[in-house]
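*Asks:* Give the three-dimensional model of this entry:
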Amino acid sequence: MITTPTKIPTLLLLLAALALPCLSQSKIEMRMVDRVRIREAVNISRIYGEKIWAGMNAAPFAIILVADSVEFLVNHPSPSEDFITLGYDSVLCSQVYYRKAVFDKHFLATFPAVNGVNTIVMGTPENTGKSTSEWIVTLLHEHFHQYVNSTPDYYTAVNQLDLSGGDKTGMWMLNYPFPYADSIIGLQYKNYSRALSQTLSAISADSFDVHFKVYVSERKRLQQLLKPADYRYFSFQIWQEGLARYTEYKFLELLDDYEPSKEVSKLPDYVSFRRYHQALYKNMVHRITLWRLSDYQRECFYALGFGEGLILDRLNAAWRNKYLTDKFYIEHYSDGFNR
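*Replies:* Residues are numbered from 1 along each chain as shown. Just a heads-up that it's a prediction; the model follows:
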């Protein structure tokens, strides 16, 4: 999921403002299905967020829902002037605003989209290809990015990685020239990811220490083959996107016995969170085991971080306390990596 400090082109905002008179407020409203999905995600975060990440509930949960022609702003403390109010929404317990759509309706992103506030920008489930359950959990994934991005030193620390190559938009986070196609890197990536998968499968077994030692060795070998800047990018992606996927899983662990609202559970594409929990685990393990770096490139980092987060849980139950104060390198979170 994109988490960049992207600036909205001035021309887009001007065109959106000019188009607003053409939109009749009496005909514009957010669909009830979207409102109950957002309400469910906010409720889940309120109940369980602090059990995963201390301070998560203090982060803003501002959302732009991008529909086909209009986008709606929810939970935002200071909307920009191009948004028009629809009034207070009793389902969302928030003021709701709208404007002509500026962002792509397929977006799944978090960045300071409105008045410097880190805002989730997401298309509807239909336009992002997600079921209700997956969309709700993805919204929690993006809220984790809000939690991280809203810490006072986040952007300063990211800039100190010195990876942008002069790019001021933040798109380097997606487009950094990592050596995905390098055959030597690819072979060692295969060794490392296989060792990670085997360690993950032994996480509750007596053989864990043996597999973990091999995994650490293969990970260090990959680090040695990468240029220092490339390893910083690898570490950053594991830390930011991989552990966001891990966060999805941690929410789902807590949701096994959760009863969603009747409005959500009756939606035709709703899948129980318990079932989605199991599916997500299988999907991530599959990606760790079988995805080639040259084929899937940056997408590989999501599954790697998922697996490494679960291994950290096995090594040090309190590792998440270090996440915001010792950024970017997961090997700092347990002495096990220094054995």
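
*Asks:* all strands of the protein, in order?
*Replies:* Assigned by DSSP state E, the chain shows strands spanning 63-66, 70-74, 84-89, 94-100, 108-114, 117-123.

*Asks:* Let me know the average pLDDT across the fifth one.
*Replies:* Strand 108-114 carries an average pLDDT of 94.

*Asks:* can you check the third one too?
*Replies:* Taken as a whole, strand 84-89 has an average pLDDT of 96.

*Asks:* And that strand, what does it pack against?
*Replies:* strand 94-100 (3 or more C-beta pairs under 8 Å, 6 or more residues apart in numbering; DSSP states H and E). The C-beta positions use only the backbone N, C-alpha and C, and glycine is treated the same way.

*Asks:* Compute the first-to-last residue distance for stretch 197-216.
*Replies:* Using C-alpha to C-alpha, to the nearest Å, one end of stretch 197-216 lies 12 Å from the other.

*Asks:* Report the spatially nearest residue to residue 179, omitting neighbours in sequence.
*Replies:* Distance criterion C-beta to C-beta, 6 or more residues apart in numbering; nearest residue to residue 179, sequence neighbours excluded, is residue 185 at 5.0 Å.

*Asks:* Pull the contacting residues for the one you found.
*Replies:* Remark: with contacts taken as C-beta atoms under 8 Å, 6 or more residues apart in numbering, residue 185 is in contact with 179, 222, 225, 226, 293.

*Asks:* Looks like the third one contacts residue 187 (just checking).
*Replies:* No - assessed by C-beta atoms under 8 Å, residue 225 is found out of contact with residue 187, at 9.4 Å.

*Asks:* From the neighbour counts alone, determine which of those two ranks first.
*Replies:* The neighbour count for residue 225 versus residue 187, taken as other C-beta atoms under 10 Å, is higher for residue 225 (17 against 12).

*Asks:* shouldn't residue 252 be in contact with residue 276?
*Replies:* Yes - if you go by C-beta under 8 Å, residue 252 and residue 276 touch, sitting 6.3 Å apart.

*Asks:* Common neighbours of the two, please.
*Replies:* Common contact partners of residue 252 and residue 276 (C-beta under 8 Å, 6+ apart): residue 137.

*Asks:* Between the two, which has more neighbouring residues?
*Replies:* In this view residue 252 and residue 276 are compared by other C-beta under 10 Å, and residue 252 has more residues nearby, 24 against 21.

*Asks:* ok so, going back, and the residue nearest to residue 179, how close does it get to residue 195?
*Replies:* Per C-beta to C-beta, to the nearest Å, residue 185 is found 16 Å from residue 195.

*Asks:* residue boundaries of the helices in this structure?
*Replies:* Counting by DSSP state H, the chain has helices at residues 10-19, 32-52, 125-128, 132-149, 154-160, 172-175, 183-201, 208-225, 228-237, 243-254, 262-265, 273-290, 293-296, 300-315.

*Asks:* Could you break this structure into its assigned domains?
*Replies:* In the domain annotation for the chain, the residue ranges read 10-150, 156-338 (automatic domain parsing).

*Asks:* Quick check: buried residues in stretch 103-120?
*Replies:* 103, 105, 107-114, 117-120 (16 or more other C-beta atoms under 10 Å).

*Asks:* How far off centre is that stretch?
*Replies:* Mean-position distance between stretch 103-120 and its chain equals 13 Å (C-alpha atoms, centre = their mean, to the nearest Å).

*Asks:* Can you give me the end-to-end span of that stretch?
*Replies:* End-to-end span of stretch 103-120 (C-alpha to C-alpha): 11 Å.

*Asks:* any residues touching it, and which ones?
*Replies:* 1-6, 8, 59-64, 66-68, 71, 73, 76-80, 83, 121-124, 127-128, 138-139, 142-143, 145-146, 149-150, 170.

*Asks:* Buried among those residues? Make that a ChimeraX selection.
*Replies:* Buried members of the contacts of stretch 103-120, defined by 16+ other C-beta under 10 Å, are picked up in ChimeraX with:
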select :1,2,3,4,5,6,8,59,60,61,62,63,64,66,67,71,73,76,79,80,83,121,122,123,124,128,138,139,142,143,145,146,149,150,170
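
*Asks:* For the closest residue to residue 123 other than its chain neighbours, grab phi and psi.
*Replies:* Closest residue to residue 123 apart from its sequence neighbours, by C-beta to C-beta, 6+ apart: residue 105 at 4.4 Å. Phi and psi for residue 105, reported as degrees, to the nearest 10, are phi -70, psi 0.

*Asks:* please renumber so the chain begins at 34
*Replies:* Happy to do that; since the first residue is 34 now, the last one works out to residue 138.

*Asks:* roughly how far apart are residue 285 and residue 321?
*Replies:* Distance from residue 285 to residue 321, by C-beta to C-beta: 17 Å.

*Asks:* Can you get me a residue count around residue 192?
*Replies:* As a burial measure, residue 192 scores 10 neighbours (other C-beta under 10 Å).

*Asks:* Model confidence for it, exactly?
*Replies:* In this model, residue 192 carries a pLDDT of 95.

*Asks:* go on, residue 51?
*Replies:* With respect to pLDDT, residue 51 scores 45.

*Asks:* go on, residue 288?
*Replies:* Reading off the model, residue 288 has pLDDT 96.

*Asks:* And the residue lying closest to it once chain neighbours are set aside, how far from residue 138?
*Replies:* Distance criterion C-beta to C-beta, 6+ apart; nearest residue to residue 288, sequence neighbours excluded, is residue 306 at 3.9 Å. Per C-beta to C-beta, residue 306 is found 26 Å from residue 138.
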